[in-house]
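Novice: Give me a 3D structure for the following:
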Amino acid sequence: SNILFLVLIVLGFLALLNFLSTRHFYRLDLTHGGRYTLSDASKRVSEALDDVVTVKCYFSKNLPPYVVNLKRQVTDMLDEYQAFAKGNVQVEFIDPGEDQAVQQKVRFLGIPQVQMNIVEKDQATATNVYLGMAVTYEDKQEIIPFVKSIEGLEYDLTSSILKVTRKEKKTIGFLTGHQEMELQGKSLNNANALLSKEYEVEPVELAGGKQIPPSINLLVVA
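Specialist: Residues are numbered from 1 along each chain as shown. Below is the predicted model:
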C-alpha cells in the first residue's frame, strides 16, 4: 500500500507538470550572449501569426566541415520561431543535390550556387553549395539568397515574415518645406533606400496650412 501510495503521488505530480506545461512555456538559452534567444520583436511577430508561414532552407547536404555547424545553428534558431509561433511556422530543409529540376527552381528563386574551398591534407579543392532560404505565405514570397552566418539572420527572417504576412504597406512621410533635410539628398539617401525596402516613403509638404495626408502612418521631421 505504501508503494501504491508513492506511485500515485508520482503520477499525480507528473500529471500536474504535464498540465502546467501545456499552458506555460519557457526556453532556456545557455549559449554565450544568448545567440539563439529571439528578440522581443521577433517573438511578437511569431506569436501574432494567424496562419502558416513556410520556411524552406535550400542547403546542400555535402557542406565543407567549417560550414556544417551553420546548418545546426540555423536549425536551432528556426526551432525558436516554431516554438513561439505555436505551429504557424513550418520548416523544411531541401538539398538541391544533383537534381537539375530543383536546381533550376532554386536559381529561378534567386538563390545562387556559391563556391567554397575545402582544405584537406594540405590540398585545396572547390565545391559548389546552396545556402539560401525562401519564406512563403499564401502567394507571397521573400528570399534570403545566402546565409553565411547567423549574425543578422534573425533580422532577415523576421523582416521576411513581416513582408509576406503584412496586409498593407505602411507609409512614412518626411516633412519638407521648412529647411528639413531633403529625402532625396545626400544626408537621407541611405535611410531612404533602407526604408523603401519595407515601406512607402514620400515627402510631405504642409505649406499653406495643409493637413497631414491620411495615408501617412508616420511623419518624420528631419
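
Novice: Verify the contact between Val74 and Val55 for me.
Specialist: No: under the criterion of CB atoms under 8 Å, Val74 makes no contact with Val55, lying 9.7 Å away. C-beta: built from backbone N, CA, C; applies to glycine.

Novice: Can you work out which other helices and strands pack against the helix or strand harbouring Asp156?
Specialist: Following DSSP states H and E, one finds Asp156 within helix 153-165. Here helix 153-165 is seen to pack against helix 40-47, strand 53-59, helix 65-85, strand 131-137, strand 140-144 when contacts are counted using 3 or more CB pairs under 8 Å, 6 or more residues apart in numbering; DSSP states H and E.

Novice: dump the residue contacts of the closest residue in space to Ser159 that isn't next to it in sequence.
Specialist: Leaving aside its chain neighbours, Ser159 sits nearest to Glu198 (6.7 Å; criterion: CB to CB, 6 or more residues apart in numbering). Counting by CB atoms under 8 Å, 6 or more residues apart in numbering, Glu198 touches Ser159, Leu162, Lys163, Lys169.

Novice: Now do the same for Glu198: its pLDDT.
Specialist: Note on Glu198: pLDDT of 84.

Novice: three-state assignment of it?
Specialist: Under DSSP: H, G, I helix; E, B strand; the rest coil, Glu198 falls in the coil class.

Novice: Next one: it from Ala41, what distance?
Specialist: 13 Å (CB to CB, to the nearest Å).

Novice: Could you do Gly12 as well?
Specialist: 40 Å.

Novice: do Asn88 as well
Specialist: 17 Å.

Novice: same thing with Gln113?
Specialist: 33 Å.

Novice: How about Glu92?
Specialist: Glu92 is 25 Å from Ala41, by CB to CB.

Novice: residue ranges with poor pLDDT in the chain?
Specialist: Regions of the chain meeting the criterion pLDDT under 70 cover residues 21-36, 120-123.

Novice: what do you get if the cut-off is 80, keeping everything else the same?
Specialist: Counting by pLDDT under 80, the chain shows low-confidence ranges at 18-36, 66, 98, 117-125.

Novice: Please name the residues that touch the residue most central in space within it.
Specialist: Nearest to the geometric centre of the chain sits Leu157, at 1.1 Å (CA atoms, centre = their mean). By CB under 8 Å, 6+ apart, Leu157 lies in contact with Ser42, Val55, Met77, Tyr81, Met133, Val135, Ile144.

Novice: Repeat the analysis, applying 10 Å as the threshold.
Specialist: 38, 42, 45-46, 53, 55, 74, 77-78, 81, 89, 133, 135, 142, 144, 147, 150 (CB atoms under 10 Å, 6 or more residues apart in numbering).

Novice: Could you give me the ChimeraX syntax to select whichever of those residues are buried?
Specialist: Listed next is the ChimeraX selection for buried residues among the contacts of Leu157, using 16 or more other CB atoms under 10 Å:
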select :38,42,45,46,53,55,74,77,78,81,89,133,135,142,144,147
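
Novice: Next, work out how far apart Gly173 and Pro214 are.
Specialist: 11 Å.

Novice: Please say which of the two ends up with more neighbours.
Specialist: Higher neighbour count among Gly173 and Pro214: Gly173, with 22 against 7, using other CB atoms under 10 Å.

Novice: in its sheet, what does the helix or strand hosting that one sit against?
Specialist: Take DSSP H and E as the rule and Gly173 turns out to sit in strand 171-176. The sheet places strand 171-176 alongside strand 200-205 (parallel), strand 218-220 (parallel), with pairing taken from DSSP bridges.
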